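> Following is a predicted model, sequence given first.
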Number of protein chains: 2
Amino acid sequence: MSSEPEPGTLRPGGRTARVRAAVLAAAGDVLAEQGFAELDLADIARRAEVGKTTVYRRWSSPTGLVTDLLAEMAEESLPRTATGSLRGDLAANARLVQRTLTDPRQGPLFRAVIAAATCDERTAQALGQFYEVRVSEWAPAVQEAVERGELPAGTDAAEVVRAVSAPLYYRMLTTGAAPTEADADRAVAAAVAAAEAGVYVS
Amino acid sequence: MSSEPEPGTLRPGGRTARVRAAVLAAAGDVLAEQGFAELDLADIARRAEVGKTTVYRRWSSPTGLVTDLLAEMAEESLPRTATGSLRGDLAANARLVQRTLTDPRQGPLFRAVIAAATCDERTAQALGQFYEVRVSEWAPAVQEAVERGELPAGTDAAEVVRAVSAPLYYRMLTTGAAPTEADADRAVAAAVAAAEAGVYVS
């Protein structure tokens, strides 16, 4: 066994946390700049200035790096914006998604991770968990609208949140074009109209 | 130059067409079974029982194979179903998308092509063109609904067609789960409710 402490035995900010942060930042850089196919553990160790043995022992494969990066993205997921209205909350979410997919680092990073998930089950699961965290963070916006009587009782809050993101991701993945603010606003208007019509009552 | 006739100089069903069909079928098989990373021209030539030189000369790279496969998919794109009602037409489209993404060969093939498009501009363009053909095939369903007065004048027909597909692709790409018939029906209901509310008037 190694002389390094087990993960989790150090306080946050300790060496283990610093190594993880450096390695995952390097992995994110490579994914964003070159894609999953170029993710190489020795290269990541060099970029992160971390021992190769540590990287191989802790992440073992490019897939291990991507799944841990997705776990970190879920952990660091920002709390939702609460504006007091359904349209305001969903607009904040849509603009956040739109800005993320348009960002020069985050956009290619999401495309790379989604691509990696298409050919690996473990990555697909980690990606699904990341989106579950994001959706459950924003679902209260819809639940509160139901409580205020703005939407029909029984509306599936998670489905409404997914409906806002779907056209933005679809546009990016099928046309390669980043979604615009107008796309984000239209996604919100469409999700609200469908929710008001009772489409998401389960 | 080679002794082989130029593409297009033989009648359909001639040797050139047969070679293309065999090579693209083999490329589709590899994409569906193993993904883009495993696409190798020599392997494709062997599977298709076609000379390696022919494959290298005509397609030159894995990307060349994928873009030509997407062009063939667009050429062979089925005409839309016309049922006489907007909901009927969009439901036929949604069920077709849902069956395609659920199909044991077509589902993985689409995931592989979308993944390949995330890291190559030429593939992204070919993919975008494929979806443009599909969308323009189905857009008349929406245009006819506008003419019948079922939807507001000025409704962007292509956006309504895309709205039907978006949640089905989003579910597949972010969770790895194939969309269900219930997802397809809900996608139609949401697109129609939003279109009726004027969300897609441009």
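Done, it's in. Numbering: from 1, shown residues only, chains lettered A, B, ... in the order given.
> and after whatever helix or strand residue A:164 lives in, which helix or strand comes next?
Assigned by DSSP states H and E, residue A:164 falls within helix A:157-175. Downstream of helix A:157-175, the first helix or strand assigned by DSSP H and E is helix A:181-196.
> In PDB, list the C-alpha atoms belonging to that next one.
In PDB, the C-alpha atoms belonging to helix A:181-196 read as follows (Å, rounded to 0.1, in the frame of the first residue of the first chain):
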ATOM      1  CA  GLU A 181     -30.300  33.800 -25.900                       C
ATOM      2  CA  ALA A 182     -33.300  33.800 -28.200                       C
ATOM      3  CA  ASP A 183     -33.200  30.000 -28.200                       C
ATOM      4  CA  ALA A 184     -33.100  30.000 -24.400                       C
ATOM      5  CA  ASP A 185     -36.000  32.400 -24.100                       C
ATOM      6  CA  ARG A 186     -38.100  30.300 -26.600                       C
ATOM      7  CA  ALA A 187     -37.200  27.100 -24.700                       C
ATOM      8  CA  VAL A 188     -38.700  28.700 -21.600                       C
ATOM      9  CA  ALA A 189     -41.800  29.900 -23.300                       C
ATOM     10  CA  ALA A 190     -42.400  26.500 -24.900                       C
ATOM     11  CA  ALA A 191     -41.900  24.600 -21.600                       C
ATOM     12  CA  VAL A 192     -44.200  27.000 -19.700                       C
ATOM     13  CA  ALA A 193     -46.900  26.800 -22.400                       C
ATOM     14  CA  ALA A 194     -46.800  23.000 -22.400                       C
ATOM     15  CA  ALA A 195     -46.800  22.800 -18.600                       C
ATOM     16  CA  GLU A 196     -49.700  25.200 -18.400                       C
END
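> Centre of the chain to that helix, how far?
21 Å (CA atoms, centre = their mean, to the nearest Å).
> Against which helices or strands is the helix or strand containing residue A:31 packed?
Using DSSP H and E, residue A:31 maps to helix A:15-34. Packed against helix A:15-34 by the contact rule (3 or more CB pairs under 8 Å, 6 or more residues apart in numbering or on different chains; DSSP states H and E) you find helix A:41-48, helix A:52-59, helix A:62-75, helix A:106-118. The C-beta positions use only the backbone N, C-alpha and C, and glycine is treated the same way.
> Would you mind finding the most buried of those helices?
helix A:106-118 (a mean of 23; mean count of other CB atoms under 10 Å in any protein chain shown).
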